[in-house]
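Trainee: let me see the structure of the following:
(one chain, ligands or ions: 1)
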Amino acid sequence: MTAIVWFRRDLRLHDHAALHKAVQTGEDIVPVCILEDRFCRSETVGDRRLHAFLSAVGALETNLEHAGSRLIIRHGESLQVLEQLIQETGADKLFYNRDYSPFARSRDEQVEMAFCSKGVFVQGCKDLVLHEPGEIMNKQGKEYAVFTPFRRVWQTLPKDRPFPIAEKFPTWDGITDLLSEKAPVVEQFGREKPLGEQWKPSLFGEEAARQRLKQFIEEDLYRYKEKRDFPGVEGTSRLSFALQAGTLSIRTVYHAAAEALLEARGDEVASIESFLTELIWREFYQQVLFFHPHTVEHAYLPQFEEVAWENKEQLFSLWCHAQTGYPIVDAAMRQLNETGWMHNRLRMITASFLTKDLLVDWRAGMAYFAKQLIDCDDAANIGGWQWSASTGTDPQPYFRIFNPVSQGEKFDPDGAFVKKYLPVLQHVPLQYIHKPWEMPLHLQEQTGCVIGLDYPPPCVDHAQRRKLALSLFQEARDRH
Ligand code: FAD
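Mentor: Numbering: from 1, shown residues only. I've put the predicted structure just below:
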C-alpha cells in the first residue's frame, strides 16, 4: 500500500509530524510538493519571497535524495495534482500537516472531502504550532481575545516532544518514473533571481535553519531580553523564515529553548522566558486568524473598520521607497527592501508611522509587507498590522502612537542601524541622527547631508499628524 506525504509549509525531514505518521504505517511513501499558481505567479508575492520558498523546496528535494527517496514537485491546483498522483500511484492514504489560514483550510477541506468519498484515508496532523486553535479556550468555551490569559494557559499545558528524523523510509517503487519538476527556480515563473551571497539557495534549507537555531541558542538566547529591541545589534533569533516555511519545527525550537531554561541562572531565565513569549504570540495570532478569518481584510474591532484614512498615494510611495525623511523609518524600509526581513521593533515603528502619521490604511502596508517579507505569515502579519493600527486584539487604546524620533533615539541610541542603511547620515552628529532636519545649514553642508538635496525633509509633521490621527479614530468610534 502507498501513502502520499504532502509537503506545504513544513519543508524538512526532521521532526515532521505527517511524515512521521506516514512512516509509522509502514507503507511505501510518495513525498510531494505542489507549486500553486496562486502563490508562485501571484503579483502579491515578491521575487525574493518566492526565491526563499523555492530554495527551501530545492533543499528538501536534495535531502530526500540523500534519504534514498525523491520529492515529486508539480505545478498546478493542489486537488487536481493530488487526484492525478493518486491515480498514478494507487495511493490509499494522504498525510499532511494542518495550516490554519482561511485559504489553506478551505483547500484542505475540499481535498479531504474529495478523497474520503473515494475511499482514500486522509490525515491532517498538528505540526505548525504546539497548541492548535481550539485547544486553549476560556471558561465560557470561547477563544481568548487577549494575549496574557492565553499565554498563562499555554504555559501550563504539556508539550509534544520532537519526532525522530525519518532518515530512511520505504519509498514507492515506481517513484523514479513519476513526472517531477527539477529544482524549481524563480526564473521559471518569469521572476528575477536576487543576487548576492545572502541569497544563496542553501541558506534557506533545513540545514541552515538548524545551524541558525544552534548558533542562537549558544550565542544570543541568554541575552535576548536585553538585546531584542535594538535593531543595530544581532539580538533576535532570525528564525522567522524557518518557522514560516517549516524548515525548522516549532517543537524543536521550543524544546531547545526550554532545555536551556533548565540550566539558566539570574537574568538568563527572564531572557529565555521572553523568547518563549514570542513563540506564544505566534500561536496566539494563529488562533485569532482561525476564529476570525474576516481579519484578513477587515478590522478585528468593528468600530475601527471605518476610519477615514487619507490614503495619499504619494505618501504611501515615500514610505515604500524609504523616502519619508524620518531616518528610523527609512532605514527600516531599506532593511525590508534589501533583505526581505525587518526587525520587530522596526515593524512596529514603520506600521505605526504608515497608519498614524501618514494616515494610510493598514491593509496597504500589510500587503506591501506580504510582498517583501520572506517570512510573511498571514496570521502574524495581520496580527502585527492590526496591533500597530489599533484595529486588532490589543487592549491598548488607539492613542498609543509611536514618535519616530524618540523611538529612534531610544532603540538606536548610537545611530548604528540608521547609518548602516542610510550611509548619507554617516557623518551626522549623534544629537541630530534621528532628526537631521534640525541640523544648522553649515553642519548639513559639512557632513554631506543637506536636507532636500542629499536626504529628504520630513514628509509630514509628526505632532500635527498625531492630532489628526486621534481625531479620525475618535470620529470612527463615535460613528459606530
Ligand atoms: P524573534 O524575536 O527571535 O522571535 C522568535 C520567533 O517568534 C519569530 O521567528 C516568530 O516566529 C515568532 N514571533 C516573534 N514575534 C512575534 C510576533 N509579534 N507575532 C507573531 N510571531 C512572533 N512575524 C512573522 O513571522 N511573519 C510576518 O509576516 C510578520 N509580520 C509582522 C508585521 C508587523 C507589522 C509586526 C509588528 C510584526 C510582524 N511579525 C511577523 C512579528 C515579528 O516582527 C517577527 O516574527 C520577528 O521580527 C522575526 O524575527 P526573529 O525571527 O528574529 O524573531
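Trainee: quick check: domain ranges of this protein?
Mentor: Domains of the chain are assigned by the TED database as 2-127, 129-160+206-291, 302-478.
Trainee: and the ones you listed: which comes nearest residue 197?
Mentor: Ranking the domains of the chain by proximity to residue 197 (C-beta to C-beta) places domain 302-478 first, at 11.9 Å. Where you see a C-beta, it was placed from the backbone N, CA and C, and this is true even at glycine.
Trainee: check the average confidence over the closest one, would you?
Mentor: Mean per-residue pLDDT for domain 302-478: 96.
Trainee: that one and the ligand in contact?
Mentor: Yes. Against the ligand, domain 302-478 shows contacts by C-beta under 6 Å from any ligand atom at 343-344, 347-348, 351, 369, 373, 375-377, 380-381, 383-385, 388.
Trainee: so how far is that domain from its chain's centroid?
Mentor: With C-alpha atoms, centre = their mean, to the nearest Å as the basis, domain 302-478 stands 19 Å off its chain's centre.
Trainee: when you give positions from now on, start the count at 19
Mentor: With 19 as the first residue, the last one maps to domain 320-496.
Trainee: just to revisit the earlier point, any chance of the domains of the chain in a markdown table, plus mean neighbour count and distance to residue 191?
Mentor: Formatted as a markdown table, these follow (neighbours: other C-beta atoms under 10 Å; distance: least, C-beta to C-beta, whole Å):
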| stretch | mean neighbour count | distance to residue 191 |
| --- | --- | --- |
| domain 20-145 | 19 | 7 |
| domain 147-178+224-309 | 18 | 26 |
| domain 320-496 | 19 | 37 |
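Trainee: turn these into CSV, including distance to residue 203.
Mentor: Formatted as CSV, the domains of the chain follow (distance: least, C-beta to C-beta, whole Å):
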stretch, distance to residue 203
domain 20-145, 6
domain 147-178+224-309, 16
domain 320-496, 16
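Trainee: nearest to residue 210, out of those domains?
Mentor: domain 20-145 (5.1 Å).
Trainee: who's in contact with residue 416?
Mentor: Residues in contact with residue 416 (C-beta atoms under 8 Å, 6 or more residues apart in numbering) are 322, 408, 488, 491.
Trainee: rebuild those as CSV, extending it with secondary structure.
Mentor: Listed next are those as CSV, based on DSSP: H, G, I helix; E, B strand; the rest coil:
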residue, secondary structure
322, helix
408, coil
488, helix
491, helix
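Trainee: what's the closest of the residues you listed to the ligand?
Mentor: residue 408 (12.2 Å; C-beta to the nearest ligand atom).
Trainee: now do the residue in the stretch 69-218 of the chain positioned nearest to the ligand, the pLDDT please.
Mentor: Residue nearest to the ligand within the stretch 69-218 of the chain: residue 165 (9.7 Å; C-beta to the nearest ligand atom). Looking at residue 165, its pLDDT reads 95.
Trainee: sorry, back to before: farthest-apart pair in the contacts of residue 416, please.
Mentor: Pairwise over the contacts of residue 416, using C-beta to C-beta, the maximum falls at 322 and 488, 12.8 Å.
Trainee: please verify my assumption that residue 69 contacts residue 214.
Mentor: No. Using C-beta atoms under 8 Å, residue 69 is not in contact with residue 214; the gap is 11.3 Å.
Trainee: quick one, helices of the stretch 319-468 of the chain?
Mentor: Under the criterion DSSP state H, counting those that start in this stretch, helices of the stretch 319-468 of the chain are mapped to 331-338, 345-357, 362-370, 380-390, 396-406, 422-429, 434-439, 459-465.
Trainee: any idea which of the ones you listed gets closest to residue 289?
Mentor: helix 362-370 (15.4 Å).
Trainee: for residue 173, find the nearest of the helices of the stretch 319-468 of the chain.
Mentor: Between the helices of the stretch 319-468 of the chain, helix 396-406 lies closest to residue 173; by C-beta to C-beta that is 19.3 Å.
Trainee: and the angle for the closest one with helix 362-370?
Mentor: 60 degrees (axes from the mean of the first three to the mean of the last three C-alpha atoms, to 10 degrees).
Trainee: so which elements touch helix 396-406?
Mentor: Helices and strands touching helix 396-406, by 3 or more C-beta pairs under 8 Å, 6 or more residues apart in numbering; DSSP states H and E, are helix 285-309, helix 362-370, helix 380-390.
Trainee: follow-up on the earlier one: please identify which of the residues of domain 320-496 next to the ligand is nearest to residue 38.
Mentor: So of these, ranked by how close each gets to residue 38 (C-beta to C-beta), first place is residue 395, at 23.2 Å.
Trainee: so who does the closest one touch?
Mentor: Contact partners of residue 395, counting by C-beta under 8 Å, 6+ apart, are 258, 261, 262, 300.
Trainee: hmm, 6 Å instead?
Mentor: residue 262 (C-beta atoms under 6 Å, 6 or more residues apart in numbering).
Trainee: next up, phi/psi of it, please.
Mentor: phi -130, psi 120 (degrees, to the nearest 10).
Trainee: and it, how far from residue 85?
Mentor: Noted for residue 395: a distance of 27 Å to residue 85, by C-beta to C-beta, to the nearest Å.
Trainee: list the contacts for the residue in the chain that the ligand sits nearest to?
Mentor: With C-beta to the nearest ligand atom, the shortest gap between the chain and the ligand falls at residue 402, namely 2.4 Å. Contacts for residue 402 (C-beta under 6 Å, 6+ apart) come out as residue 365.
Trainee: now do 7 Å
Mentor: Neighbouring residues of residue 402 by C-beta atoms under 7 Å, 6 or more residues apart in numbering: 365, 369.
Trainee: okay, strands next: where are they in this structure?
Mentor: In the chain, the strands defined using DSSP state E lie at 20-25, 46-53, 90-93, 111-115, 139-143.
Trainee: quick one: the helices in the stretch 119-268 of the chain?
Mentor: Going by DSSP H, counting those that start in this stretch, the stretch 119-268 of the chain shows helices at 120-134, 165-174, 224-237, 242-245, 258-263, 268-281.
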